[in-house]
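In: Quick one, fold the following:
(one chain, ligands or ions: 1)
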Amino acid sequence: MMNNDKIKSASPHVLPSLPYANNALDPVISANTIGFHYGKHHKGYVDNLNKLVAGTEFADLPLEKIITKTAGKADKTAIFNNAAQIWNHTFYWKSMRSKGGGEPPASLKQKMETSFGSVDACKKELATVAMAQFGSGWVWLVLDSNKLKVDKTSNADVPMTTGMKPLLTIDVWEHAYYLDYQNRRADYVSAVLDKLINWDFATENLG
Ligand SMILES: [Fe+2]
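Out: Below you'll find the model as predicted:
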């Protein structure tokens, strides 16, 4: 008991479990990629954050609070980057599912038609913006004043700090696709949009 308590207070942030098995997204995203991306990168951000916040004013804060309190502060960049990357990756895993893609639920579809003209136009915008992100980052479907928008962020940045509500995201860091697609980001993004994207998750986030 004592030992467990000690471990808990020294490491407040825990790597969230994947919402599916390592091989559930295969062959679009292989178990090998998930092994590195979840098991090394995502876990690494959790381990780093726990080390960085130990003994600081951030030690007992929930993840979202750490993100909002450190965003844009030059002397807190390392804490922000690791905290935001934990959040981004947890959100990314939920943005996909086995046998995803296809037709979005009616409420999301209607919003896509209002904002982009059609579901295909929304997907095309996500793919275009994913390619427009120079270097590492994220592409997002967001709700901005009741309208859908596609947004991109660099490195660890999140859309919440600019007042937008994220509905889903695609990781466009090379570590997300290099083992399966080498440098072909466009092929990775279009395969995710066609075969894995979790429109149900985006619809839940509308509410
Ligand atoms: Fe990643």
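In: Every contact and neighbour count from this point should use C-alpha atoms.
Out: OK.
In: Please report the number of neighbouring residues for residue 107.
Out: For residue 107, the neighbour count with other CA atoms under 10 Å is 10.
In: got the contact list for it?
Out: Contact analysis of residue 107 by CA atoms under 8 Å, 6 or more residues apart in numbering lists residue 203.
In: helix, strand or coil for it?
Out: On the three-state scheme (DSSP: H, G, I helix; E, B strand; the rest coil), residue 107 is labelled helix.
In: Tell me which stretches of the chain form helices.
Out: Per DSSP state H, the chain carries helices over the ranges 2-10, 31-36, 43-53, 63-70, 77-94, 106-116, 119-132, 178-181, 185-195, 199-206.
In: and residue 143, which of those helices is closest to it?
Out: Comparison of these against residue 143 by CA to CA identifies helix 199-206 as nearest, at 7.4 Å.
In: which parts of the closest one are buried?
Out: Within helix 199-206, the residues that qualify as buried are 199, 200, 201, 202, 203, 206, counting by 16 or more other CA atoms under 10 Å.
In: Report the mean per-residue pLDDT for that helix.
Out: Helix 199-206 shows a mean pLDDT of 97.
In: And for stretch 99-110?
Out: If you average the per-residue pLDDT over stretch 99-110, you get 97.
In: Regarding that stretch, how distant is the last residue from the first?
Out: Its first and final residues considered, stretch 99-110 spans 22 Å by CA to CA, to the nearest Å.
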